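**Q** My questions concern the predicted model and sequence given below.
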Amino acid sequence: MRELFRRLMLHPWLALEIAVASMFASLLALASPLFVIQVLNRYIAHGVDGTLVTLASGTVLAIVLELLFRQIRGRLARDISTDANYEVSTGGFGLLIKARAGSLEQVPPGQRRQLVGAAGAIESAYGPGNIAAVYDVPFALLFIAVLYLLNGVLSGIVAVFLVVVFVIGSIGAMSIRSLTGRLIQVGGSGNAMITTAADQIDTVRAFNGGEILHGNWQHHTITTQRLRSQIERRQGLVQTLTQTAIALMGVTVVATGARLVVGGEINVGVMIGANILAARALMPVSRFSQLGAIFAKAAQSLSLIREFTKLPLEPDSGSSKKNYSGAVEFKDVSFSYPGSNTPLFESLSLRIEPGNVVVITGGNGAGKTALARLLVGLIEPVRGHVL
């Protein structure tokens, strides 16, 4: 949600226009329940066809205008996220190609792949449909206000159920957030295993690593299925509780309305219209409660991107020698891999004159590749200088 508010603050006029469009759409949505009330109270009571035609024509016009306002709002909401989604997508890929090689290598390959995929989750979460759903939530109070004008008791009942559904959705979103983060982490390790199996075909077979890799994949599958099952159970519980609350609200509104009709406080038209208004009031809150998992995944994806932004970047500026003779010199160079207590080489001092040929030999892990990478500046020494 913070990211959504940040995007709205970047485009305040667009945000205001979306709010205005949402307000008019919500006002026009009142036409249907008010039409039902008027038909039951006026047309059925008096049987004047002109009244029915007038009411029906006005309601159809209101429905068409509501559709237009919602379409306009959708286009405005799409403009809110266009630039931000572009920045997230290009920025995430840019981190992969601009971060220092030595620092980027410390990140597991699976997480590197997830960096690009994170942009898709963010774009999906903050799409125009979800933005519109968030805007509809406060306008649920409009339906409760109209209900209050019809009958205060019925509006109070609907307000209580509205709060209950909102709390259920909020608790469900918070409970899913941690599970979503763990699922993303597990997905990163799974991507790494897929990369190994697909790209290192000869290595896996030459060193008989298939059984080990398959065992790790089985463990990964079990963990992924367990996490997904927990998320689906909690999402299902939230949806079930929400649907139950909607059904109970309908029963309560009709039962209470029936008592009020018998008592002469309201008529049948108001009772039926109040039930429709109650359903319309709870609809945006119910929709919002289902967005918890989507926003939680987007938040975890944003957190992943922010972690990558902490990596140092390759310098895009520097100095160059005008008259370079071709000499290379290592001065007291020491290098060790991150997390290693033993240096790969220590106190290396060497000068290679222009035109000389130097052959570096050694077994696997002796540091030949590391020395070449130091020479071209892909990694940096722990101590010393490469000139």
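**A** On my side now, so go ahead. Numbering: from 1, shown residues only.

**Q** what are the ranges of the helices in the stretch 151-300 of the chain?
**A** 152-199, 201-206, 210-262, 268-289, 292-309 (DSSP state H, counting those that start in this stretch).

**Q** With respect to burial, which of the ones you listed scores highest?
**A** helix 268-289 (a mean of 22; mean count of other C-beta atoms under 10 Å). To be clear about C-beta, it is placed using only N, CA and C from the backbone, and glycine gets the same treatment.

**Q** ok, back up a step: tabulate the helices of the stretch 151-300 of the chain (a markdown table), appending distance to Gly129.
**A** Output for those, formatted as a markdown table (distance: least, C-beta to C-beta, whole Å):
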| stretch | distance to Gly129 |
| --- | --- |
| helix 152-199 | 17 |
| helix 201-206 | 43 |
| helix 210-262 | 18 |
| helix 268-289 | 9 |
| helix 292-309 | 10 |
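
**Q** Which one of those helices lies nearest to Ser26?
**A** helix 268-289 (8.8 Å; C-beta to C-beta).

**Q** how far off helix 210-262 does that closest one point, in degrees?
**A** 160 degrees (axes from the mean of the first three to the mean of the last three C-alpha atoms, to 10 degrees).

**Q** now for helix 268-289, which elements pack on it?
**A** helix 31-38, helix 128-136, helix 140-150, helix 152-199, helix 210-262 (3 or more C-beta pairs under 8 Å, 6 or more residues apart in numbering; DSSP states H and E).

**Q** Among the helices of the stretch 151-300 of the chain, which comes closest to Gly362?
**A** Per C-beta to C-beta, nearest to Gly362 of these: helix 201-206, 20.7 Å.

**Q** Report the mean confidence score over that closest one.
**A** In this model, helix 201-206 has a mean pLDDT of 75.

**Q** now stretch 308-322
**A** Rounded mean pLDDT across stretch 308-322 is 68.

**Q** Likewise for stretch 377-387?
**A** 73.

**Q** Turn the helices and strands packed on helix 268-289 into a markdown table, including distance to Ile80.
**A** A markdown table is the format used below for these (distance: least, C-beta to C-beta, whole Å):
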| stretch | distance to Ile80 |
| --- | --- |
| helix 31-38 | 28 |
| helix 128-136 | 6 |
| helix 140-150 | 21 |
| helix 152-199 | 21 |
| helix 210-262 | 26 |
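
**Q** I'd like to know which of these lies nearest to Lys331.
**A** helix 152-199 (37.5 Å).

**Q** pLDDT wise, what is the closest residue to Ser303 other than its chain neighbours at?
**A** Of all residues not flanking Ser303 in the chain, Gly181 sits nearest, at 7.6 Å (C-beta to C-beta, 6 or more residues apart in numbering). At Gly181, the pLDDT value in this model is 71.

**Q** I'd like to know which of the helices of the stretch 151-300 of the chain lies nearest to Gly120.
**A** helix 292-309 (8.4 Å).

**Q** what's the next secondary structure element after the closest one?
**A** Where DSSP states H and E defines the elements, the next helix or strand beyond helix 292-309 is strand 328-335.

**Q** Sheet-wise, list the partners of the helix or strand just after that following strand with their directions.
**A** The helix or strand immediately downstream of strand 328-335 is strand 345-352, counting by DSSP H and E. Strand 345-352 sits in its sheet next to strand 328-335 (antiparallel), going by DSSP bridges.
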